[in-house]
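>>> sharing a model that was predicted from the sequence below.
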Amino acid sequence: MTTTAVLDTTALEAWMDAAGLPGRGAPLEWSFVSGGSQNEIFEIRRGDLHAALRKPPLTAPASRDDGILREWRIIHALDGTDVPHTTAIAVCSDPAVLGRPFYLMGFVDGWSPMGGEGWPAPFDANLSVRRGLAEQLVEGVALLGAVDWRARGLGDLGRPDGFHDRQVPRWTSFYERIRARDLPGYEEATRWLAERRPLDFVPGIMHGDYQFANVMFQYGAPARLAAIIDWEMGTVGDPKLDLGWLMHSWPEDTAVSGAEGYVDLTGMPGRTALIEYYAERSGRQVDDMDYYQVLAKWKLAIVLEQGYQRAGDDPKLQSFGPLVLELMAGAADLAASSDYRSSR
């Protein structure tokens, strides 16, 4: 084991027994899956139960406890929907059991795009089946946005009223607090966003960091989304911002520049084709997608700028420096070239 993360199996077994979970009397087996400063994930086996346990590390800020319970609310609400997700098994809000609140979810039998070098077979060599990976990714946004969040008990999860009215004031205020250098294009992109709103706004569940890194696929072809994972930023807001987050850096021609990102998109549909695919699958209009893509680039640049300002000698955070400049310039360029003129 390459981590110091541990579980108090005696306490966990007692809690599982009290909760009436399968496996009473059977030995509990566990292994560390991932985590660090972020939430920790453990694989749990006990009798017929095969689950993943997710909790904040002991050193995480106290606010992370509310976050883990928020995640639980979302995956529990998704049970019974057609959104691919991890099955909600049980939650423990009492930090006395394992030191932090935690929950158990079904262990996903699938693969992560971030789990190795390149795509697994058959997606490594057969470009024709890669199309489905992209379409399934976009399908996830469409399915998530269609969930009746009020009926699923999430009426108080977020603040959809005034969602877009808050975006520019919130993030400009955040940027001014951390500002240590000028970002070319910031003023232009900020002004453009402040003067515009979506053509319509249909509130729904949004993931908040929707990308290949936060989904899992079933094994084999055709591509099938197994689960959307990592709900730290989940809320009720505008699901189309998830699409904007996904599409803002997606190339128009994947044959030319598909291999330049953190995953190889070669063989997948281009940005416009996937936005049209979303419109077909969701029934929502996409004439205002420039707004969402500018907002995504602008917001991500500000978020990463905070990391860059705290980089110190961390090479990963240092690498955010030029990426921030690229994102903000891209936001300004798209704003300048866009013919989207919807006003407030």
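Happy to help now that I have it.

>>> please make it C-alpha for all contacts and neighbour counts, starting now.
Noted.

>>> next up, the contacts around Trp245.
Counting by Cα atoms under 8 Å, 6 or more residues apart in numbering, Trp245 touches 209-211, 292-293, 296-297.

>>> pull out the buried members of those.
Neighbour-count burial (16 or more other Cα atoms under 10 Å) applied to the contacts of Trp245 gives 209-211, 292-293, 296-297.

>>> out of these, who's nearest Pro113?
Gln211 (9.9 Å; Cα to Cα).

>>> wait, that closest one sits on Leu246?
Yes: counting by Cα atoms under 8 Å, Gln211 touches Leu246, with 5.7 Å between them.

>>> quick one: residues in contact with the strand or helix carrying Leu193.
Per DSSP states H and E: Leu193 is located in helix 186-194. With Cα under 8 Å, 6+ apart as the test, helix 186-194 has contacts from 168, 172, 291, 294-295, 298, 328-329, 331-332, 335.

>>> show me where this protein has strands.
Assigned by DSSP state E, the chain shows strands spanning 29-34, 40-46, 49-55, 88-92, 102-106, 204-206, 215-217, 225-228, 235-237.

>>> His248 - nearest residue in space that isn't next to it in sequence?
Once flanking residues are discounted, His248 sits nearest to Gln293: 4.8 Å by Cα to Cα, 6 or more residues apart in numbering.

>>> which stretches of this structure form helices?
Taking DSSP state H as the test, the helices found in the chain are 9-18, 63-78, 95-98, 130-145, 163-178, 186-194, 239-247, 254-257, 271-282, 289-309, 315-318, 320-337.

>>> can I get those helices in a markdown table including distance to Pro203?
Converted to a markdown table, the helices of the chain look like this (distance: least, Cα to Cα, whole Å):
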| stretch | distance to Pro203 |
| --- | --- |
| helix 9-18 | 37 |
| helix 63-78 | 15 |
| helix 95-98 | 33 |
| helix 130-145 | 8 |
| helix 163-178 | 9 |
| helix 186-194 | 19 |
| helix 239-247 | 7 |
| helix 254-257 | 31 |
| helix 271-282 | 13 |
| helix 289-309 | 14 |
| helix 315-318 | 33 |
| helix 320-337 | 24 |
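
>>> deepest-packed of the ones you listed, please.
Greatest average neighbour count among these goes to helix 239-247 (a mean of 24), per mean count of other Cα atoms under 10 Å.

>>> may I have that helix as PDB, with CA atoms only?
Taking C-alpha atoms only, helix 239-247 is exported to PDB below (Å, rounded to 0.1, in the frame of the first residue of the first chain):
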ATOM      1  CA  PRO A 239     -26.900  22.000 -16.700                       C
ATOM      2  CA  LYS A 240     -25.900  23.700 -20.000                       C
ATOM      3  CA  LEU A 241     -22.900  25.100 -18.100                       C
ATOM      4  CA  ASP A 242     -21.700  21.500 -17.800                       C
ATOM      5  CA  LEU A 243     -21.900  21.300 -21.500                       C
ATOM      6  CA  GLY A 244     -20.100  24.600 -21.900                       C
ATOM      7  CA  TRP A 245     -17.400  23.400 -19.400                       C
ATOM      8  CA  LEU A 246     -17.000  20.300 -21.600                       C
ATOM      9  CA  MET A 247     -17.000  21.900 -25.000                       C
END
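
>>> any idea how far Leu183 is from Leu327?
10 Å (Cα to Cα, to the nearest Å).
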